[in-house]
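**Student:** Sequence first, predicted model second:
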Amino acid sequence: MTEVDQPLALDHQHALDRDCTTLSRHVLQQLQSFSAEAQDLSALMNRIALAAKLIARRLTRAGLVEDALGFTGRTNVQGESVKKMDVYANQVFISVFEQSGLVCRLASEEMEQPYYIPENCPIGRYTLLYDPIDGSSNVDINLNVGSIFSIRRQEGNDLDGTAQDLLQNGHQQLAAGYVLYGPSTMLVYSIGRGVHAFTLDPSLGEFILSSENIRIPEHGPVYSVNEGNFWQWEESIRDYTRYVHRHEGYTARYSGALVGDIHRILFQGGVFLYPGTIKKPEGKLRLLYESAPLAFLIEQAGGSASTGTQKILDVIPEKLHARTPLIIGSPEDVALVESFIQEHNREQRDRPILTSKD
Ligand code: AHG
Ligand code: MN
Ligand code: MN
C-alpha cells in the first residue's frame, strides 16, 4: 500500500465500522454478554426496529396509498379521535410481537385493555407498553411524528384482568425509547446504560448507530409548551412563561409531537412542559406510554423529568391510562420550572385563612 492510499483505506475502514454497528449488535455490546437476557433485549429491540421500519414505510407514502390519512370516525379510551395511522401502527406492533415469542402482553395508548398473546406467555418474559403514533395530528400534514416504547418484565398473573401488576413506578422499566419519523427515521433507546441514537439507512434497511452516549446540555434555550393553554394553567406556570418572555436567551419551539420536541431538547437542551389545566389537572400525557419512557431516557442522558412536585419515575399510576403533568429536559431548566411551582405552593400554604369575622 502506498502512502497516498493509506488515508483512504482508513476512511473506508471507519465508514465500514460505523455501518456495521447495527441496533441489535449495539445492545449485545452494551450488555457485554450473550446471556439469555442480553439476547432477549437484543431481539426485542430488533422487533421494535422492524415495527419502526413498517410504520416509516407507510408514512413515507401516506399521501399516495388508500386509507393512510384521516380519521377512522372512532374515539379511543382517552376520548380522542382515532386516526387511521394510529390503528395501523398499533396493529404493526401487535403483529411484530405476535411472532416474537418474547412478549406475553402489550399495552397501548390505543387499546382499553392489555393485549395478550397466550401462545407467547409460557416463555414470553416481557411486557411492551407503547404509543404507536405520537403526535398523530401531524400525520395529515406530513410533519414529524413518533412512536414511544417501554419494556417491563412480565410480572404477576393479572387474574382479574385489570392489569394491576402493571401499575408500578418507572424505575421498573428495563428499556425505553422512541422512534422519530422525520426527514430521516431515527431510533433512540436506553437499556439503562446511556442513551444512543440510530438512523435508518434506507439503502441497507438497517438502523445504524449515529450518536452514542448522548448527554443532554445542563441548560438550553428552548422552552416547548402549548401557550394556547396559558389561561388554563395555574399561576405558577404562567409566571414561568412570563419569566422566559422577559429574559434574553429563550426561544419557543412546539411541534405538536412530543417525540420531536424531546428529540430537539435531548440534543440541544431546554425544557418541554405539558402542565395540568383547569379542565384536566393531570394534563394530557399518559404516564405509562409517554411520560415514564421519556423520563427514563432523559434521565439516562443526564436530564430530569418531573410532575412539578415529584420525579416522574417515582409516580405509581392508579390506572393503566393514567395521565401526569410533565416537565422534562435539561436539569437546570426543569429545576427552574419546579422552583416557580414550589414558590406558588408555599404561598398557597402560608396564605392566612380568612374567616367571616375578618
Ligand atoms: P398523541 O398523538 O399520542 O395523542 O400525542 C399527542 C401529544 C403529544 O405528542 C403532544 O406534545 C401533545 O399531545 C400536543 O397536545 P396539544 O395539541 O394539546 O398541545
Ligand atoms: Mn402521544
Ligand atoms: Mn398516540
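**Tutor:** Thanks, I have it. Numbers count the residues shown, from 1 in each chain. Ligands and ions are numbered 1, 2, ... in the order given.
**Student:** Next, count neighbours for the residue in the stretch 201-350 of the chain positioned nearest to ligand 2.
**Tutor:** For the stretch 201-350 of the chain and ligand 2, the shortest gap (C-beta to the ion) falls at residue 290, measuring 5.1 Å. C-beta coordinates here come from the backbone N, C-alpha and C atoms, glycine included. As a burial measure, residue 290 scores 27 neighbours (other C-beta atoms under 10 Å).
**Student:** Next one, pLDDT for it please.
**Tutor:** pLDDT for residue 290: 98.
**Student:** shouldn't residue 292 be in contact with residue 311?
**Tutor:** No - the pair residue 292 / residue 311 is not scored as a contact, 10.5 Å apart, by C-beta atoms under 8 Å.
**Student:** can you map out the strands along the stretch 151-300 of the chain?
**Tutor:** Taking DSSP state E, counting those that start in this stretch, the strands of the stretch 151-300 of the chain run over residues 173-181, 185-190, 196-201, 206-211, 222-224, 251-252, 270-274.
**Student:** Given the second one, what are its sheet partners and their directions?
**Tutor:** Here the strand partners of strand 185-190, with direction, are listed using DSSP bridges: strand 173-181 (antiparallel), strand 196-201 (antiparallel).
**Student:** if you look at the first one, does any of it touch ligand 2?
**Tutor:** No - Strand 173-181 stays out of contact with ligand 2 when judged by C-beta under 5 Å from the ion, the minimum separation being 9.9 Å.
**Student:** For that strand, report the contacting residues that lie outside it.
**Tutor:** With contact meaning C-beta atoms under 8 Å, 6 or more residues apart in numbering, strand 173-181 is reached by 41, 44-45, 48, 52, 55-56, 59, 126, 134, 144-153, 185-192, 259-260, 262-263, 292-294, 296-297.
**Student:** For the residue in the stretch 201-350 of the chain that ligand 3 sits nearest to, list the residues it contacts.
**Tutor:** Scanning the stretch 201-350 of the chain for the residue nearest ligand 3 gives residue 289, at 7.6 Å (criterion: C-beta to the ion). By C-beta under 8 Å, 6+ apart, the contact list for residue 289 reads 107-109, 129-131, 148, 150.
**Student:** Also residue 326?
**Tutor:** Applying C-beta under 8 Å, 6+ apart, the residues near residue 326 are 272-274, 283, 285, 290-291, 294, 305, 307, 312.
**Student:** Now do the buried residues in stretch 29-49.
**Tutor:** For stretch 29-49, burial by neighbour count (16 or more other C-beta atoms under 10 Å) applies to 30-31, 38-42, 44-49.
**Student:** typed the wrong thing, it's stretch 305-318
**Tutor:** So for stretch 305-318, counting by 16+ other C-beta under 10 Å, buried means 305-308, 312-313, 315, 317.
**Student:** when you check those residues against the strands, which ones overlap?
**Tutor:** Of the buried residues of stretch 305-318, the ones assigned to strands by DSSP state E are 305-306.
**Student:** Give the burial count for residue 25, as a bare number.
**Tutor:** Applying other C-beta under 10 Å, we find 14 residues neighbouring residue 25.
**Student:** And it, which helix or strand is it part of?
**Tutor:** Residue 25 belongs to helix 23-31 when assigned by DSSP states H and E.
**Student:** Name the next helix or strand following that helix along the chain.
**Tutor:** Next element after helix 23-31 (DSSP H and E): helix 36-60.
**Student:** Highest mean neighbour count out of the strands paired with strand 185-190?
**Tutor:** Mean neighbour counts were compared across the strands paired with strand 185-190 using mean count of other C-beta atoms under 10 Å; the top stretch is strand 173-181, at a mean of 25.
**Student:** Figure out how far that one is from the centre of its chain.
**Tutor:** Distance of strand 173-181 from its chain centroid, counting by C-alpha atoms, centre = their mean, to the nearest Å, is 6 Å.
**Student:** near ligand 1 at all, that strand?
**Tutor:** No - using C-beta under 6 Å from any ligand atom, strand 173-181 never reaches ligand 1; the gap is at least 10.5 Å.
**Student:** rewinding a little: now the angle from the helix holding residue 25 to strand 206-211?
**Tutor:** Relative orientation of helix 23-31 versus strand 206-211 (axes from the mean of the first three to the mean of the last three C-alpha atoms, to 10 degrees): 40 degrees.
**Student:** Against which helices or strands is helix 23-31 packed?
**Tutor:** For helix 23-31, the elements it packs on are helix 36-60, strand 196-201, strand 206-211, judged by 3 or more C-beta pairs under 8 Å, 6 or more residues apart in numbering; DSSP states H and E.
**Student:** Could you work out which of the ones you listed reaches nearest to ligand 3?
**Tutor:** Relative to ligand 3, the nearest member of the helices and strands packed on helix 23-31 by C-beta to the ion is helix 36-60, separated by 11.8 Å.
**Student:** Now do the closest one against strand 196-201, angle only.
**Tutor:** With the same axes, to 10 degrees as the basis, helix 36-60 and strand 196-201 are set at 50 degrees to each other.
**Student:** between the contacts of residue 326, which is closest to residue 11?
**Tutor:** Nearest to residue 11 among the contacts of residue 326, counting by C-beta to C-beta, is residue 294 at 36.5 Å.
**Student:** Next, count neighbours for the closest residue to that closest one other than its chain neighbours.
**Tutor:** Of all residues not flanking residue 294 in the chain, residue 262 sits nearest, at 5.7 Å (C-beta to C-beta, 6 or more residues apart in numbering). Using other C-beta under 10 Å, residue 262 has 30 neighbouring residues.
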